[in-house]
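Chemist: Sharing a model prediction with you, sequence too.
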Amino acid sequence: MTTTVDPPETLNTARMRTWHRPSLRFAASMAVAAVLTIAAMLIDRRTLLGAPVWAKLFKFAVSGGLYFFTWSWLVSLLPGRLRKVASAATTVAVVLFAAEYVAMTFQAVRGRPSHFANTSPFDSALFQAMGLMVAGLWLATLVATVLLMFTRLEDRAVHWAVRTGAVLALIGAGLGALMTQPTPQELAKIQATGHSDLIGAHSVGVEDGGPGLPLLGWSTTGGDLRIPHFIGMHALQALPLLAFGLALLATRLPRLRESAVRVRLVWTGSLGYAGLVGLVVWQAERGEPLIYPSGPTLAAAGLLVGAVAAATAASVLVPVRKKLR
């Protein structure tokens, strides 16, 4: 016997009154910053490493806005003391991200790289300080993520989507550390001259600043470590949206009214998403552009798609074992 599925309680807009206010307000400020950086790009035509000087601030505003909007909601799901601790940790994360964004803005005004900069002792010290901010932000998010693991949600599909999305986002954020290592070209320059203006890079196999995808700027001639960093972090939105979408589809598709079926599909989506993150890390580390995959990359992608398709079919078609009362 199946039961009618109501939209999860977590979708109720009335719950926004309990959302974490500092991160919600900060997400709104990032939306404003995104608009302002678009205006800045139209007015200020300077470029830096082949991209508009304000482009990185625009991308950080959009990504940061989505990230903290989602965490504002996630904190509201925690009960009692867990919510208080997660609220404090998330507030710390907001403050650290805001400080990093101010430092990036300062460097954009100066026309200097905000990340990997080693042009002067000041630039190097500022980048190191930003690195400490990012490390603190990651640790604060780790605390909130661990607390989320102890929270039980009524809708089981949303319950697992929130958990797996938060863990994958934490991993994706940590992948940013891959960009901080000096490239072979930079090491060669240091050996030859004792100095390199940049220490670390987004691209693999080519220098930063070459041809890239419109708006995103991801390299089209080499690997780009920003891709797994971005994809991983936004599991935080993708997987809960998958669970919400399944709940809405359940109002039309009787098979999805079984909670166990939706949970299976969420786990399939989560494992498939983790596989995608691993795939794009592997591709980037081999110096391969996202849009020009090699034979091995295509074969791995085909296996991943086939596995997800098979698991999806099994999730829907295999009967749900009924619990004896």
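Modeler: Arrived safely, thanks for sending. Here the structure is a predicted model, which is why all the values come from computation and not from measurement.
Chemist: Tell me which stretches of this protein form helices.
Modeler: Secondary structure of the chain (DSSP state H): helices located at 21-43, 55-76, 80-110, 121-148, 156-174, 184-193, 226-233, 235-249, 259-285, 295-317.
Chemist: any chance of the ones you listed in a markdown table, with distance to residue 201 too?
Modeler: Placement of C-beta: from N, CA and C, glycine included. Shown next, in a markdown table, are the helices of the chain (distance: least, Cβ to Cβ, whole Å):
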| stretch | distance to residue 201 |
| --- | --- |
| helix 21-43 | 23 |
| helix 55-76 | 14 |
| helix 80-110 | 16 |
| helix 121-148 | 13 |
| helix 156-174 | 18 |
| helix 184-193 | 7 |
| helix 226-233 | 10 |
| helix 235-249 | 24 |
| helix 259-285 | 11 |
| helix 295-317 | 21 |
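Chemist: Kindly reformat those helices as CSV and extend each row with mean neighbour count.
Modeler: Below are those laid out as CSV (neighbours: other Cβ atoms under 10 Å):
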stretch, mean neighbour count
helix 21-43, 17
helix 55-76, 21
helix 80-110, 18
helix 121-148, 17
helix 156-174, 22
helix 184-193, 12
helix 226-233, 22
helix 235-249, 21
helix 259-285, 20
helix 295-317, 13
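Chemist: Same list, the ones you listed, but as CSV with distance to residue 204 and mean pLDDT please.
Modeler: Converted to CSV, the helices of the chain look like this (distance: least, Cβ to Cβ, whole Å; pLDDT from 0 to 100):
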stretch, distance to residue 204, mean pLDDT
helix 21-43, 27, 96
helix 55-76, 18, 96
helix 80-110, 23, 96
helix 121-148, 20, 95
helix 156-174, 17, 96
helix 184-193, 10, 88
helix 226-233, 10, 97
helix 235-249, 22, 96
helix 259-285, 6, 97
helix 295-317, 14, 97
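Chemist: Ok, which of these comes nearest residue 210?
Modeler: For these, the distance to residue 210 is smallest for helix 184-193, at 12.3 Å, taking Cβ to Cβ.
Chemist: Give me the distance from the closest one to the chain's centre.
Modeler: 32 Å (Cα atoms, centre = their mean, to the nearest Å).
Chemist: Same check on stretch 91-99?
Modeler: With Cα atoms, centre = their mean, you get 16 Å for stretch 91-99.
Chemist: what does it rub up against?
Modeler: With contact meaning Cβ atoms under 8 Å, 6 or more residues apart in numbering, stretch 91-99 is reached by 20, 22-23, 26, 64, 68, 71, 133-134, 136-137, 140-141, 144.
Chemist: The helices of the chain: which one's closest to residue 218?
Modeler: helix 226-233 (5.8 Å).
Chemist: centroid residue for the protein?
Modeler: Central residue of the chain (Cα atoms, centre = their mean): residue 233, 1.5 Å from the mean position.
Chemist: Distance of that residue relative to residue 198?
Modeler: 23 Å (Cβ to Cβ, to the nearest Å).
Chemist: same check, this time on residue 184
Modeler: Between residue 184 and residue 198 the computed distance is 13 Å (Cβ to Cβ).
Chemist: cool, residue 207 as well?
Modeler: Residue 207 sits 9 Å away from residue 198, going by Cβ to Cβ.
Chemist: Which one of those two is surrounded by more residues?
Modeler: More crowded of residue 207 and residue 198, by other Cβ atoms under 10 Å: residue 198, with 22 against 17.
Chemist: wouldn't the more buried one be in contact with residue 116 here?
Modeler: Yes: at 4.6 Å, residue 198 counts as touching residue 116 under the criterion of Cβ atoms under 8 Å.
Chemist: hmm, back to that, pretty sure the residue nearest to the centre of the chain contacts residue 169?
Modeler: Yes: counting by Cβ under 8 Å, residue 233 does reach residue 169; the two are 5.1 Å apart.
Chemist: intersection of neighbour lists for the two?
Modeler: In terms of Cβ under 8 Å, 6+ apart, residue 233 and residue 169 are both contacted by the residues residue 67.
Chemist: before we move on, back to that, spit out the residues that contact residue 207 and residue 198 alike.
Modeler: Contacts common to residue 207 and residue 198, judged by Cβ under 8 Å, 6+ apart, are absent.
Chemist: tell me the contacts of residue 246?
Modeler: Neighbours of residue 246 in contact, by Cβ under 8 Å, 6+ apart: 157, 256, 262, 265-266.
Chemist: what do you get if the cut-off is 7 Å, keeping everything else the same?
Modeler: 157, 256, 262, 265 (Cβ atoms under 7 Å, 6 or more residues apart in numbering).
Chemist: From residue 281, how far off is residue 152?
Modeler: Noted for residue 152: a distance of 32 Å to residue 281, by Cβ to Cβ.
Chemist: show me what contacts the closest residue to the residue nearest to the centre of the chain other than its chain neighbours?
Modeler: Distance criterion Cβ to Cβ, 6 or more residues apart in numbering; nearest residue to residue 233, sequence neighbours excluded, is residue 172 at 4.1 Å. Residues in contact with residue 172 (Cβ under 7 Å, 6+ apart) are 228-229, 231-233, 235, 277.
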